[in-house]
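Undergrad: Model the following, please.
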Amino acid sequence: AAVPVAEADRMRTALLNALSHDLRTPIASAKAAVSSLRGRDVRWSEDDQQELLASADTALDKLTGLVTNLLDLSRLEAGVLPVAATEVALDDVVTRALNHITAGAQVQLDVPATLPEVLADAGLLERVVANLVENAIRYSPDDQPVRLSASTHGDTVELRIVDRGPGIPTRERNGVFAPFQRRDDHPAPNGAGVGLGLAIARGFTHAMQGTITLDDTPGGGLTAVIALPKAAGRTSITPTETAHILGKATT
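TA: Modelled structure (predicted):
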């Protein structure tokens, strides 16, 4: 009984420590920008006004991302995440996911439109791909693009997200998927700085009967591999299957 209590205390402490910085920072930024615009002691130029509005907008996006991740984590841990799995074209999902990627990031694509469709929730898969690509970009050298490639392997389709960053030692790879684990203190987009991004990506993928694994990139770096079942003519996951999958999502 002491082990679950200790784990709950650790998670609570990690959450409070993360939120003490990651929640307050965007709130403070948005508040400062809005207060400056409302102040009557300074006449802001049009460019200055736009810069302050952009700062507030960015801060609120980060806050929204953080709250969304916290809600998603709570749904995963409660086993109530809704999954609408259907036949999905992987190349379409990847294209939409890249629309959320940091502007100017270098990404190379090799995801053929001829691949078999996968059985997945398009919205959840889009967030998984966007999260893993952003993570890869974050740790990649500026002159080294992140590469996405996909291929079939038996009854599954694999999407590989390849970077040339520092990689992760094999012994530490399982730990990075735990909630509130942070590899460094660099800021991350959309609330990911709390250390929820990889935990949510794995939970979403497991809920779709898929897997995420981390491998070495030949020559240096890290490769994240998303493996999803081929649709094989099926149009949905049954309610019974969904309940079973959700029960495994956080294991």
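Undergrad: And the helix or strand harbouring Gln50, what's buried?
TA: Using DSSP states H and E, Gln50 sits within helix 46-78. Using 16 or more other C-beta atoms under 10 Å as the burial criterion, the residues of helix 46-78 that qualify are 52, 55-56, 59-60, 62-63, 65-66, 69-70, 72-73, 75-76. Where C-beta positions appear, they are placed from N, C-alpha and C, glycine not excepted.
Undergrad: where does Ala136 land in three-state SS?
TA: Of the three states, Ala136 takes helix according to DSSP: H, G, I helix; E, B strand; the rest coil.
Undergrad: now Val157
TA: The assignment at Val157 comes out as strand when based on three-state DSSP.
Undergrad: what's across from it in the sheet?
TA: Judged by DSSP bridges, the bridge partners of Val157 are Thr152, Leu228.
Undergrad: Would you quantify the distance from it to Thr211?
TA: Counting by C-beta to C-beta, to the nearest Å, the separation of Val157 from Thr211 is 12 Å.
Undergrad: which residues do those two both contact?
TA: Common neighbours of Val157 and Thr211 are listed as Ala227 (criterion: C-beta atoms under 8 Å, 6 or more residues apart in numbering).
Undergrad: Of the two, which one has the most company?
TA: Set Val157 next to Thr211 and count neighbours by other C-beta atoms under 10 Å: Val157 wins out with 25 against 14.
Undergrad: That one is in contact with Pro112, isn't it?
TA: No. Taking contacts as C-beta atoms under 8 Å, Val157 lies outside contact range of Pro112: 10.5 Å.
Undergrad: Could you name every residue contacting both of those two?
TA: Ala150.
Undergrad: Next, count neighbours for the closest residue to Ile226 other than its chain neighbours.
TA: Nearest non-adjacent residue to Ile226, counting by C-beta to C-beta, 6 or more residues apart in numbering: Leu159, 4.5 Å away. Using other C-beta under 10 Å, the number of residues around Leu159 comes to 26.
Undergrad: Alright, that wraps it up for me.
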